[in-house]
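# 3D model of this:
(2 chains)
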Amino acid sequence: MGRGTWGCRYELHSLLSLTLTQHPALLARQPSPTTNMVVFALLIINKAGGLIYTRTFAPGIQKLDSNDYLILAGTFHGIHAISRSINPAPPPPPSSSSTPNPSSSTTASQPAPQLPSQPPSSTAGNPTRRRPHTTGIESLESSHFRLTCFQSPTGVKFLLFTSPEQPNTDVVVRRCYEMYGNYVMKNPFYSLEMPIRVEKFDRVVAGYLVRP
Amino acid sequence: MSVYSFYIFDRHTECIYSRRFTQQPSPPRTTSSTLRNGTTVPPSLRQANKDSDDAKLVFGTVFSLRRMCRQLGGVDDQFLSYRTAEYKLHYLETPTQLRLVLLTSPQVGNMRTVLHQIWATLFVEYVVKSPLAPTEHTGGKGVGNELFEVGLERFMEAVFRPQQQQQQ
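Now for the predicted structure:
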């Protein structure tokens, strides 16, 4: 009987040391679609492309120093903007309201078929035209990680680095956005677009993204 | 499930082949497809500039993202694809630093095998092994030969059209 309990304890210890998640007893706190998740890092980029929050949770991506993270954030901000303009998709077929592709500023002009006399790429001038909202990169796959990018309506980008098999990354990143809204935005001492130094936010994010 | 465009960049960071599979409707120009490779004379100079600008933007994006993936994932990490709400970009780099970029609709799955097949069965067979094609395809010379173009079109039809017909 004693040997049995020691055996169980050893098993528990080895499970804990192997992975961050997996043991069912520790996950009983809150059921969510994100149990067993391995999140490597979370980065938050402000409207201007500056990095305001960096946190790594699990090993999986290379350790970079803070300068490299800043450069990475700026680069990604630029690439995100470019990826909106290289949209190759053809404009949707004309329905009751014409919806030309706003990315036609870099490609050839695509005047809507109902208004052939309209000069090219003058989508802003016509009030009856509705520009479809082109989004930038939402998800990036590489062989070692997956990057999920969520852009809030105010232009703040949340980059989540996870393992490639991780499901529901968009749910996770939206939850992080919720936490950002609850603990950073509602903090009266936080100045907008500045680096996030809010302890409560750190604790809540760690509690959500790291499974002990 | 449709393919929008396809680019090939060589190791000198030059676009040696580009092909657009969607029709861009525009009354001022002819309604023929805008397919071209780097050497043929385009219908209008402005369209040619726009196309080459597009190719440069695509290359710049892909180059930066590849560098970012290397930085984050280690030296052996490979950038595979990225997805926006409007399109998905697939990337393959061969050991000779030839880069194949494919832009499709967002629902498409992993196109890595498709890109590899394009490279192995079309590019290597019809461009690399062609005795008339030079070793360095500056300005796209030697790439857009008829066998390659026809083969590529047939290949894309085979990969993308059956699914479309099933959906409809």
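
# Show me what secondary structure element comes after the longest helix seen in chain A.
Ranked by number of residues, the top helix in chain A under DSSP state H is helix A:66-85. Downstream of helix A:66-85, the next assigned helix or strand under DSSP states H and E is strand A:137-142.

# In PDB, list the C-alpha atoms belonging to that next one.
Taking C-alpha atoms only, strand A:137-142 is exported to PDB below (Å, rounded to 0.1, in the frame of the first residue of the first chain):
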ATOM      1  CA  ILE A 137      -2.000  38.800 -41.400                       C
ATOM      2  CA  GLU A 138      -4.200  36.700 -39.000                       C
ATOM      3  CA  SER A 139      -2.100  33.600 -38.700                       C
ATOM      4  CA  LEU A 140       1.400  32.600 -39.700                       C
ATOM      5  CA  GLU A 141       2.600  29.100 -39.800                       C
ATOM      6  CA  SER A 142       6.200  28.000 -39.500                       C
END
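
# For the longest helix of chain A, list every residue counted as buried.
By neighbour count with 16 or more other C-beta atoms under 10 Å in any protein chain shown, helix A:66-85 contains the buried residues A:Tyr69, A:Leu72, A:Ala73, A:Thr75, A:Phe76, A:His77, A:Ile79, A:His80, A:Ile82, A:Ser83, A:Arg84, A:Ser85. Quick note: C-beta positions are derived from backbone N, CA and C, even for glycine.

# Neighbours of residue 48, how many?
Since no chain was named, I'll use chain A. 10 (other C-beta atoms under 10 Å in any protein chain shown).

# that answer is for a different chain, and I need it for chain B
Neighbours around B:Ala48, by other C-beta under 10 Å: 17.

# if I've got this straight, it is in a strand?
No - counting by DSSP: H, G, I helix; E, B strand; the rest coil, one finds B:Ala48 to be helix, located in no strand.

# pLDDT value on it, please?
Note for B:Ala48: predicted pLDDT of 75.

# Which residues does stretch B:14-22 contact?
Stretch B:14-22 is contacted from outside by A:88-90, B:2-10, B:33-38, B:51-52, B:54-56, B:59, B:137-140, B:143-144, B:149, B:152, B:156, using C-beta atoms under 8 Å, 6 or more residues apart in numbering or on different chains.

# Could you list which of the residues you listed belong to helices?
Using DSSP H, the contacts of stretch B:14-22 in helices are B:Asp51, B:Ser52, B:Asp54, B:Ala55, B:Lys56, B:Phe59, B:Glu149, B:Leu152, B:Met156.

# If you rank these by neighbours, which is first?
Greatest neighbour count in those, by other C-beta under 10 Å, goes to B:Asp54: 24 neighbours.

# how close does that residue get to chain A?
6 Å (C-beta to the nearest C-beta, to the nearest Å).

# Am I right that that residue is in contact with A:Ile86?
Yes - the criterion here is C-beta atoms under 8 Å, and B:Asp54 meets it with A:Ile86 at 6.1 Å.
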